[in-house]
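Asks: quick one: sequence plus predicted model below, questions after.
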Amino acid sequence: MLRRAKHLKSRIKELFRKESAAELGQPHAQAQDAPERAIPSLLAKRDLWLEAFEKLPKDTQRQLQRDNATQGPHNQQIQELLNLVKKKQEECERKFWRLRVGDHEIVLRDYAVTIVGCLQKIGDIAIQFAPPQASIPWSAVKALLQKEVQITVTESAQMCALLASADRIVRVINRGQIYELVYTTETTPELALNNLQAALIDLYSAALELLANSTKLLDKSTITRTLHSILHSGETADLFSNLVKHESELAREAQACESRRSADADTSLMRLLRELEVPLTRVDEKVSSLLERVDDSERLAILEWISAVPYRKHHDTVKEARTRGTCQWLLQHQRFREWANASFSVIMWLQGSPGAGKTFLTSAVIDHVEGILSTAPNHEGFAFFYCNRHETDRREPLSVLRSYVRQLSTTAFNPESMRAKLRSLCQETRLKGAHLTLATCQDQLLESVNLYPQTTLVLDALDECEPETRARLIDTIEFLLKNSERPLKVFISSRPDVDIRDRLLSQPNIEIRATDNQDDIAKFVNEEIIKHRRWGKIAAPLRTRIVDTLLDRSQGMFQWASLQIKQLLELQTQAAITDRLGKLPIDLEAAYDEIYGKIAARNEHDKAIADRAFMWVMCANPPLRSADLLSAIRLDPENDAVQFSDDELDENLLADICNNLLVLDSQRRVWRFSHLSVAEYFEKNHWSLRQAHCHAAAACLMLLMMNKVDSSGYWSGRREGDNLLTLAAVGGHKPIIEALLRRGMKLNTPLNNKWGSALATVVAHGSLEIVQFLVEKGADVNMPLHTGDYGSALAAAASYSGDIKTIEFLLEKGADVNMPLPTGDYGSALAAAACSAGTDVVRFLVEKGADVNMPLQIGNYGSALAAAVCNGIFGEIKTVEFLVEKGADINMPLPIGYFGSALAAAACSGYTEVVRFLVEKGADVNMPLQTGRYGSALAAAACEGYPKVVGLLLEKGADVNMPLQAGPYGSALEAAADKGQAACVEILVEAGARQTYGLNTRTDKVREYAPVA
């Protein structure tokens, strides 16, 4: 009997697969091969849509039967609906329909985008699991979307009501489909399942009634009331509010089912259930046509040029410190959910007092949005930023906007692409020696916002942005909200400073109260307090009292709770802990008073070290690394004599002396205050920011006042290499330069930095006026630089600044345009310009006598032509064409560098256009290379994985089996196989490549991809 039951169940599942495959239009064989899913019980399969239909009044049934007369296979119906909705989307975009209802401005095309996403999800679920019930009224939904045939849709209000109604119905279908798949007789107790199915039938009936009455609802005489019902469905007594009521009842029954459901449900089904709780991501195929794929190195160069702020590191630092499982209250807050689910542009402001945990909450919002965007393909934009008043790059509005421009250069789901217009703008701006301004950033952000179907911006700690200029940042955000053609959602956290409150209080906002994050503080306290080495031995009543006391006294302040836990963890006995619980400080300021009092009570020397550290961290910009801070605090400017402390301080000792008010950032390895309120405490109670700067200045001046500038010893070993004269020159301070020269500093002292000398540093960063001043004071324009990346001041000017006036001045003062460089990446000034600057600089140097075929003895390239070939940051080819026109030898063997020839340089970089040009100008595709990494141009392209270049070289006569004399490979085939370039291997084998046995062969790798010939 048991065997027969199992056989019957197996047979039913097989019939179910056949039925599903047939309805989807798939052959039975494919259905058999599909992975087995958690199939609902078919012995008691109910058609809930049909039961909902039979509950309706007869007149309503007849109306729906007329609309639903042409029901077909569900996959066909979904495709027809998708096509219809996409036409509506195009109409909304063409007519630029927007509608203001109360405080909300609705972009109509966004409704169409969400309907498309929901329909696609319904179709995907049907293919993966099972088709939805046959009674779903697809044709009635289709009739709703075709109402414009019967009612001339000439007003945006009617189109809004039409699309909003369709959106609600399609979401009901999607939710019901998932619930019916997840909660079945096999996974859910009978009573809970019956209640859920009854709630589904009620909801389906409400949806059907709405469909049946759609003509009446969309009539011009009722359209205003209909729109109000859609946006405020909980406040009215009509069809929409009835739908909302039944959705709430269904949610309660689903929760009851979930609490009783068996734990062995299909994980894929559970993923669908979780995704019901997050907003639908938005897809817009048109976005892809306006993005272009960009090579990794070029894309990184452009992005770093736009903004070098490590925003991801900042997030990782906060996320690392956030207690697991906290911050969920914000994500469940009604106002936050309304913000997250809104189909229009809106701003959300999270406000709270110091230490309330705003930054942790913001990090949770970032993770929440990223989690949604990572679950399904989408074309949405997303960017975030953490402000910090102690770092220039994190407190200026322009830095925030540049970072947003960088992050919105592409969609969240397509990191390998970039907006084509932004790419062109960056190239043009960079060639002009300019950068992105506030106005440019605003324009580029608006273009991104108007391109993507939805964009989300998150900004933490707006109050830490410069008070004098943050109004401009708010102005920009408000400009984007006002002028965005597509939904823009902005989340901002800050303290309620007066100017911020005046601008944002009228927007939806959430104020953090003590009761809001009480559960989060409880999790935090429990997780931290168990770290006490004797926690397990402490009596249970005392453990409970510790947790309860900290929760009660914290009043919603994470920072206060964190400080008190650290104090408790230092105590050794239960009596000491009990005594401490009765003496907890009343607020943050009292807590800091107590901690600083302990620092002062240790001894005078430790307090002095701590004070110096606090002041240096307060005024340092950018933040100091350990080596810098540990060096700086050893010098006491209060002493009359310059003397470094003999103490060898390390990171742990400094953290202990400062009683954890200073912390070492684990991501960036720089020192910072444990919380902004710590810096504010010192400013208010001990020394101002100006006094901190004076302390740092006194320490620096004391070092300068030494009778002799000593370039050796403890201090110099901890400098990056810039001497004070260089810093003064870059800052343009002529009197200081003259004073330093009088005191014995030398202009032509070699520097251990990126530039190698003061003059090279200034030509790269400073003004022409200061360059002229330094040369007048004796700076050597032909000084060979044995450190750094350039080798000479002329090369630095030609490569980094690209300023022709500065280059012209250096040449007028005797700079040798063909001077062989002793070190650096280039070997000559012309090669430096060819690699990193524009054609104008190269042309100027050639006109001034630069030798286009000068053999280079140092660097990565070997010739100016090879360097120009590698100038691929913006796909430059004009420089290559110019050098060839001026007689550059295309086939010149390169004695040094990575490539061996200019053609190999182009081939290994994947620049098909440059390769084609060089070959057409006579480059030898079979030139045997004596140096470099590859041995031939063909091997270079194959090794780096550029099948188009490989094909082009073969087409132009490259010998597919040419033995290689240089590099680690014996042939082009081995180079491709060793690097796993399967596409290139396939092309080479088809062209006749065979494995060879020679000096450099790697037969094991080749066998993985190609047969031995």
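Replies: In hand now; what should we look at?
Asks: alpha carbons only for contacts and neighbour counts from here, please
Replies: Fine.
Asks: could you pull out the helices for the stretch 501-650 of the chain?
Replies: Along the stretch 501-650 of the chain, the stretches classed as helices by DSSP state H, counting those that start in this stretch are 518-529, 540-554, 558-569, 574-581, 588-602, 604-619, 626-632.
Asks: export those helices to a markdown table and tack on distance to D851, mean pLDDT and mean neighbour count?
Replies: Shown next, in a markdown table, are these (distance: least, Cα to Cα, whole Å; pLDDT from 0 to 100; neighbours: other Cα atoms under 10 Å):
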| stretch | distance to D851 | mean pLDDT | mean neighbour count |
| --- | --- | --- | --- |
| helix 518-529 | 68 | 79 | 19 |
| helix 540-554 | 73 | 82 | 15 |
| helix 558-569 | 65 | 80 | 19 |
| helix 574-581 | 79 | 86 | 14 |
| helix 588-602 | 66 | 86 | 16 |
| helix 604-619 | 50 | 90 | 20 |
| helix 626-632 | 44 | 82 | 18 |
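Asks: can you count the residues close to Q930?
Replies: 20 (other Cα atoms under 10 Å).
Asks: so who does it touch?
Replies: 893, 895, 900, 965-966 (Cα atoms under 8 Å, 6 or more residues apart in numbering).
Asks: most neighbours out of those residues, which is it?
Replies: So for those (other Cα under 10 Å), the most neighbours sit at G900, 30 neighbours.
Asks: tell me if that one really is in a helix.
Replies: No. Judged by DSSP: H, G, I helix; E, B strand; the rest coil, G900 forms no part of a helix; its state is coil.
Asks: find the nearest non-adjacent residue to the residue most central in space within the chain, please.
Replies: For the chain, the residue sitting closest to the mean C-alpha position, by Cα atoms, centre = their mean, is Q407 at 5.6 Å. Spatial nearest neighbour of Q407, chain neighbours left out: A383 (5.4 Å); criterion: Cα to Cα, 6 or more residues apart in numbering.
Asks: in JSON lines, list the helices of the stretch 501-650 of the chain along with distance to A439.
Replies: Below are the helices of the stretch 501-650 of the chain laid out as JSON lines (distance: least, Cα to Cα, whole Å):
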{"stretch": "helix 518-529", "distance to A439": "41"}
{"stretch": "helix 540-554", "distance to A439": "44"}
{"stretch": "helix 558-569", "distance to A439": "38"}
{"stretch": "helix 574-581", "distance to A439": "55"}
{"stretch": "helix 588-602", "distance to A439": "41"}
{"stretch": "helix 604-619", "distance to A439": "30"}
{"stretch": "helix 626-632", "distance to A439": "37"}
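Asks: just to revisit the earlier point, what's the separation between the residue nearest to the centre of the chain and N659?
Replies: Distance of Q407 to N659, given as Cα to Cα, to the nearest Å: 38 Å.
Asks: could you do P487 as well?
Replies: According to Cα to Cα, P487 and N659 sit 47 Å apart.
Asks: now do I521
Replies: I521 sits 22 Å away from N659, going by Cα to Cα.
Asks: where does pLDDT dip in the stretch 801-950 of the chain?
Replies: Scanning the stretch 801-950 of the chain for pLDDT under 70 picks out the ranges 872-876.
Asks: all helices of it, in order?
Replies: For the stretch 801-950 of the chain, helices defined by DSSP H, counting those that start in this stretch occupy the ranges 804-812, 829-836, 839-847, 864-869, 878-885, 902-909, 912-920, 937-944, 947-955.
Asks: may I see the ones you listed arranged in JSON lines, with distance to E974 and mean neighbour count as well?
Replies: Shown next, in JSON lines, are the helices of the stretch 801-950 of the chain (distance: least, Cα to Cα, whole Å; neighbours: other Cα atoms under 10 Å):
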{"stretch": "helix 804-812", "distance to E974": "46", "mean neighbour count": "17"}
{"stretch": "helix 829-836", "distance to E974": "30", "mean neighbour count": "29"}
{"stretch": "helix 839-847", "distance to E974": "37", "mean neighbour count": "19"}
{"stretch": "helix 864-869", "distance to E974": "25", "mean neighbour count": "30"}
{"stretch": "helix 878-885", "distance to E974": "30", "mean neighbour count": "19"}
{"stretch": "helix 902-909", "distance to E974": "15", "mean neighbour count": "28"}
{"stretch": "helix 912-920", "distance to E974": "22", "mean neighbour count": "18"}
{"stretch": "helix 937-944", "distance to E974": "8", "mean neighbour count": "29"}
{"stretch": "helix 947-955", "distance to E974": "14", "mean neighbour count": "20"}
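Asks: quick one, which of P487 and N659 is more surrounded?
Replies: Set side by side, P487 and N659 show more neighbours around P487, with 25 against 18, by other Cα under 10 Å.
Asks: verify the contact between the more buried one and S345 for me.
Replies: Yes. Counting by Cα atoms under 8 Å, P487 sits close enough to S345 to count as a contact (4.5 Å).
Asks: tally of neighbours for E416?
Replies: Neighbour count for E416, taken as other Cα under 10 Å: 14.
Asks: for this protein, which helix is longest?
Replies: helix 156-182 (DSSP state H).
Asks: and that helix, how far out from the chain middle?
Replies: Remark: helix 156-182 is offset 32 Å from the chain centroid, using Cα atoms, centre = their mean, to the nearest Å.
Asks: list the contacts of the helix or strand containing D656.
Replies: D656 is part of helix 651-657 when elements are defined by DSSP states H and E. The contact list for helix 651-657, computed with Cα under 8 Å, 6+ apart, reads 599, 606-607, 609-610, 626, 630, 661-664.
Asks: quick check: phi and psi on L457?
Replies: Taking degrees, to the nearest 10, you get phi -120, psi 130 for the backbone angles of L457.
Asks: before we move on, what about P57?
Replies: phi -60, psi 150.
Asks: now it: how far from S205?
Replies: For P57 relative to S205 (Cα to Cα), the value is 10 Å.
Asks: then A610?
Replies: The separation that A610 has from S205, given Cα to Cα, amounts to 71 Å.
Asks: check K87 too.
Replies: K87 sits 28 Å away from S205, taking Cα to Cα as the criterion.
Asks: domain ranges for the protein?
Replies: Here the domain parsing of the chain from automatic domain parsing is 1-36, 46-271, 285-511, 518-584, 593-704, 720-962.
Asks: most tightly packed of those?
Replies: domain 720-962 (a mean of 21; mean count of other Cα atoms under 10 Å).
Asks: got the angle between the host helix or strand of R252 and helix 156-182?
Replies: If you go by DSSP H and E, R252 is part of helix 239-260. Following axes from the mean of the first three to the mean of the last three Cα atoms, to 10 degrees, one obtains 20 degrees for the angle between helix 239-260 and helix 156-182.
Asks: which strands and helices sit next to helix 239-260?
Replies: Packing contacts for helix 239-260, counted by 3 or more Cα pairs under 8 Å, 6 or more residues apart in numbering; DSSP states H and E, involve helix 190-212, helix 223-231.
Asks: need those helices in CSV (columns: distance to S297 and mean pLDDT).
Replies: Below are these laid out as CSV (distance: least, Cα to Cα, whole Å; pLDDT from 0 to 100):
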stretch, distance to S297, mean pLDDT
helix 190-212, 53, 86
helix 223-231, 48, 60
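Asks: which among those is found nearest to D295?
Replies: Closest to D295 of those, according to Cα to Cα: helix 223-231, at 45.5 Å.
Asks: on that earlier part again, mind putting the contacts of Q930 in a markdown table, distance to N753 included?
Replies: Formatted as a markdown table, the contacts of Q930 follow (distance: Cα to Cα, whole Å):
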| residue | distance to N753 |
| --- | --- |
| P893 | 32 |
| P895 | 27 |
| G900 | 29 |
| Q965 | 37 |
| A966 | 34 |
